[in-house]
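Visitor: sequence plus the predicted model coming up.
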Amino acid sequence: MTAAAPIGDAQAFLRALFDAAVARAQPAQCLAPFLPEPPRGRTVVVGAGKAGGAMAAAVQALWPADAPLSGLVVTRYGHVPPGYRAHPHRIEVVEAAHPVPDAAGQQAAARIAQQVQGLGPDDLVLALISGGGSALLAQPAAGLTLADKQAINQALLRSGAAIDAMNCVRKHLSAVKGGRLAQLAAPARVVTLLISDVPGDDPAVIASGPTVPDASTCQDALAICQRHGIALPPAALAGLQSGAFETPQPGDPAFAGHAVHLVATPQHSLEAAAALARAHGVAAHILSDAIEGESRTVGQVHAALARQVARRGQPFARPCVILSGGETTVTLPQPGTPGSGRGGRASEFLLACAIALQGEPGVHALAADTDGIDGTEDNAGAFIGPDTLARAHALGLHPASYLERHDAHGFFAALDDRVVTGPSFTNVNDFRAIFIG
């Protein structure tokens with residue numbers, strides 16, 4: 001690719017930036033500097049998340065062959081790296097459902113909890129944690145059922161609540177999240193390796209922090225449920241109101257001597273994309289790695305910024321690329337009501353952005369989820385350009401109608417503008433790039 005290529009082929013340029021962002025977050029590329037030395041005793045690997053399989057593969061490749069190693073990691077269905085099970089492996093990888101937990105996730109969580117118990121001070125627990133672990137590590141708190149957890153998760157996902165709020169509720173209704181897994185592992189030392197998918201990179205929020213202390217409270221979880229209208233079954237309500245579901249707080253002796261490392265973050269990936277753009281002569285500007293809010297609103301704001309650059313050269317001169325990350329939300333109507341279409345955060349962002357841009361010349365954009373799955377669909381995200389709306393109208397599509405019913409997937413599928421990558425085996429959440437040529 002030459003300096004002129006991005007202007008001539010904006011989609012290829014944007015896709016190259018996305019690929020660079022995903023590559024930076026691959027465990028095989030970023031995990032090695034953070035691996036601890038083998039202990040005097042055993043090393044037990046546990047973990048949960050969309051990157052779990054790739055993290056397990058990286059640990060196995062790097063761990064000394066003569067050092068004891070065993071364990072169990074749970075990842076999303078379809079997210080085990082190709083060929084992993086075809087070769088000898090010391091870390092078992094199982095699959096479960098995301099974003100709503102299932103029985104396989106509950107069984108995996110119970111087995112992981114069992115693996116860390118009975119260890120001694122000379123043993124090491126290596127925890128491989130990445131986004132998606134909240135749903136995959138599904139062990140309900142005492143008195144709750146899997147059906148309870150599923151109903152609460154579905155309500156949270158539809159509510160539009162931010163990820164830290166959702167995970168505050170999830171961890172207080174779990175037997176293993178919110179630091180409880182580390183409690184079960186005592187007195188063994190725990191080293192947690194994290195791939196962050198949350199704004200702010202708080203280890204207590206990533207996958208609901210199974211191995212780190214939690215500063216939130218039962219009252220916080222109750223307030224979130226009340227604010228978003230989340231109905232709680234009697235056992236959950238009683239556990240939160242009484243404080244019986246309180247999580248271990250910072251300073252708890254269960255965390256003494258533990259270590260936590262962020263091996264990949266949204267900022268790392270945005271910087272990798274920015275470096276590639278600059279290498280090809282295009283100025284790159286990172287707005288933020290922690291943007292939250294309704295996807296359609298964030299799309300409108302990004303469109304306004306892109307128009308200002310395109311028309312007035314403010315606040316950036318063109319040509320340039322504007323990058324951002326974080327985790328936006330899509331608030332859906334109640335089940336059974338109109339407006340429950342298909343499409344994840346990235347696609348809804350782009351549809352709103354395209355409508356707001358109204359075919360602004362020279363503006364192209366890509367938005368995609370770095371795990372390769374936008375919501376629950378088969379695409380990572382999509383592209384838009386100056387001709388998006390014109391092509392839609394030529395096909396008889398009404399963009400505003402698709403946006404109103406949250407069916408951005410259907411809109412971009414009709415235009416053949418989806419970005420389809422398959423599972424990436426990592427996850428640093430939303431990636432957005434707007435090229436103003």
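Guide: Alright, I've got the coordinates.
Visitor: hey, let's count contacts and neighbours off CA atoms from now on
Guide: Fine.
Visitor: what ranges do the strands span in the chain?
Guide: 43-48, 70-76, 91-96, 124-130, 189-195, 259-264, 283-291, 320-326, 363-369, 381-384, 418-419, 430-436 (DSSP state E).
Visitor: direction included, what does the first one pair up with?
Guide: Paired neighbours of strand 43-48 in the sheet (DSSP bridges): strand 70-76 (parallel), strand 124-130 (parallel).
Visitor: relative to G179, which of those strands is closest?
Guide: Evaluated over those, closeness to G179 peaks at strand 124-130, with 11.7 Å, by Cα to Cα.
Visitor: quick one: contacts of that closest one?
Guide: Taking contacts as Cα atoms under 8 Å, 6 or more residues apart in numbering, the residues outside strand 124-130 that touch it are 38-39, 41-52, 55-56, 73, 116, 185, 188-197, 206-207, 211, 426-427.
Visitor: coming back round to it: what's the most buried one of the strands paired with strand 43-48?
Guide: Counting by mean count of other Cα atoms under 10 Å, strand 124-130 has the highest mean neighbour count of these, with a mean of 28.
Visitor: that one: how far from the chain's middle?
Guide: Counting by Cα atoms, centre = their mean, to the nearest Å, strand 124-130 is centred 17 Å from the centre of its parent chain.
Visitor: excluding chain neighbours, what is closest to T421?
Guide: Closest residue in space to T421, ignoring its immediate chain neighbours: G372 at 5.7 Å, by Cα to Cα, 6 or more residues apart in numbering.
Visitor: if I pick R391, what's in contact with it?
Guide: Contacts of R391 (Cα under 8 Å, 6+ apart): L415.
Visitor: now do the one 5 residues further on
Guide: The contact partners of G396, taken as Cα under 8 Å, 6+ apart, number zero.
Visitor: do you know how far it is from Y402?
Guide: Taking Cα to Cα, to the nearest Å as the measure, G396 falls 12 Å from Y402.
Visitor: one more: A310?
Guide: Distance of A310 to Y402, computed by Cα to Cα: 27 Å.
Visitor: residues in contact with the lengthiest helix in the chain?
Guide: When the chain is parsed with DSSP state H, its longest helix is helix 295-312. Residues from elsewhere that reach helix 295-312, judged by Cα under 8 Å, 6+ apart: 292, 314-318, 328-330, 345-346, 348-354, 356-357, 360-363, 434, 436-437.
Visitor: how is this protein carved up into domains?
Guide: Listed by automatic domain parsing, the domain ranges of the chain are 5-23+266-436, 26-264.
Visitor: would JSON lines of those with mean pLDDT be doable?
Guide: Output for those, formatted as JSON lines (pLDDT from 0 to 100):
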{"stretch": "domain 5-23+266-436", "mean pLDDT": "93"}
{"stretch": "domain 26-264", "mean pLDDT": "96"}
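Visitor: sorry, back to before: mind checking which of the strands of the chain is nearest R15?
Guide: By Cα to Cα (comparing all of the strands of the chain), the closest turns out to be strand 363-369, at 7.5 Å.
Visitor: return the closest one as PDB; C-alpha atoms alone will do.
Guide: Coordinates of the C-alpha atoms in strand 363-369 are reproduced here as PDB (Å, rounded to 0.1, in the frame of the first residue of the first chain):
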ATOM      1  CA  VAL A 363     -15.900  10.400   4.200                       C
ATOM      2  CA  HIS A 364     -15.600   6.600   4.600                       C
ATOM      3  CA  ALA A 365     -15.900   4.700   7.900                       C
ATOM      4  CA  LEU A 366     -15.600   1.200   9.300                       C
ATOM      5  CA  ALA A 367     -16.900   0.100  12.700                       C
ATOM      6  CA  ALA A 368     -16.500  -3.500  14.000                       C
ATOM      7  CA  ASP A 369     -16.100  -5.500  17.100                       C
END
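Visitor: and it, what does it pack onto?
Guide: helix 10-24, helix 345-357, strand 381-384, strand 430-436 (3 or more Cα pairs under 8 Å, 6 or more residues apart in numbering; DSSP states H and E).
Visitor: closest to M166 out of those?
Guide: Nearest to M166, of all the helices and strands packed on strand 363-369, is helix 345-357, at 16.0 Å by Cα to Cα.
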